[in-house]
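> Return a 3D structure for these sequence lines:
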Amino acid sequence: MRVSFDLDDTLFVNPAKFSTEKALPFPFGKLYRERLRLGTIALFKYLKENGIEAWIYTTSFRSERYIRGLFRCYGIRLCEIVNGERHAREVQKNSGEALPSKYPGKYRIDLHIDDDISVKQNGDTYGFRVLIVGAEDGQWTEKIIKRIEEIRAAERRRNHDNRQL
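Numbers count the residues shown, from 1 in each chain. This next block holds a predicted model:
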């Protein structure tokens, strides 16, 4: 299973408005100024322990190296990163039609986590799953885990039904 996360206002949050993980120690805190939403470290540990690939899918043009480095400082290993540059190159390409700002289906991502309702609307239109996590919510990680387990249960039922045929 693959789960992707948006960065800005989903995982990277303003500490004046959200509870956050501890700031990185010097010198890393100077290099990586973004703060992770409280619960991110435990959530990514859960994903790893349960064999779930953790991806980042962002419209930001931060480099893959920067994103990977920041998460590594928190002890988090990411499977893949789709930033704005990669999305433009691999999804938008030279397409004349307007495509969504994120298209997790292109990468066989099972669930995308975002704060932007327009991404959810695009998911409904283009057939990919999106779970919205918004403002300060102490239960945000539990909501994600619950949705992951619902998807896994549906997959198990589907596989079981296919074996019955």
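
> for stretch 11-21, what is the average pLDDT?
Predicted confidence along stretch 11-21 averages 94 (mean pLDDT).

> Give me the contact list for that stretch.
Where contact means Cβ atoms under 8 Å, 6 or more residues apart in numbering, the residues beyond stretch 11-21 that reach it are 5, 34-38, 40-41, 56, 74, 135-136, 138. C-beta here means a position set from N, CA and C on the backbone, and glycine is covered the same way.

> and what of stretch 45-60?
Applying Cβ under 8 Å, 6+ apart, the contact partners of stretch 45-60 are 1-8, 11, 44, 67, 71, 76-84, 87, 101-102, 104, 107, 109, 112, 141, 145, 148.

> and with 7 Å instead?
Contacts of stretch 45-60 with the rest of the structure, by Cβ atoms under 7 Å, 6 or more residues apart in numbering, involve 1-8, 44, 67, 78-84, 101-102, 104, 109, 112, 145, 148.

> follow-up on the earlier one: only the buried subset of the contacts of stretch 11-21, as a PyMOL command please.
Selection of buried members from the contacts of stretch 11-21 for PyMOL, criterion 16 or more other Cβ atoms under 10 Å:
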select buried, resi 5+34+35+36+37+38+40+41+56
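
> From the contacts of stretch 11-21, which one has the minimum pLDDT?
Among these, Glu136 has the lowest pLDDT, at 73.

> Return the distance of that residue relative to Arg147.
Applying Cβ to Cβ, to the nearest Å, one obtains 19 Å for the distance of Glu136 from Arg147.

> With Asp161 instead?
Asp161 sits 21 Å away from Arg147, going by Cβ to Cβ.

> And Ser4, by the same measure?
Separation of Ser4 from Arg147 (Cβ to Cβ) stands at 13 Å.

> repeat for Ala23
Distance, Ala23 to Arg147, by Cβ to Cβ: 29 Å.

> Between these two, which is the more surrounded one?
When neighbours are counted by other Cβ atoms under 10 Å, Ala23 and Arg147 differ, and Arg147 comes out ahead with 17 against 13.
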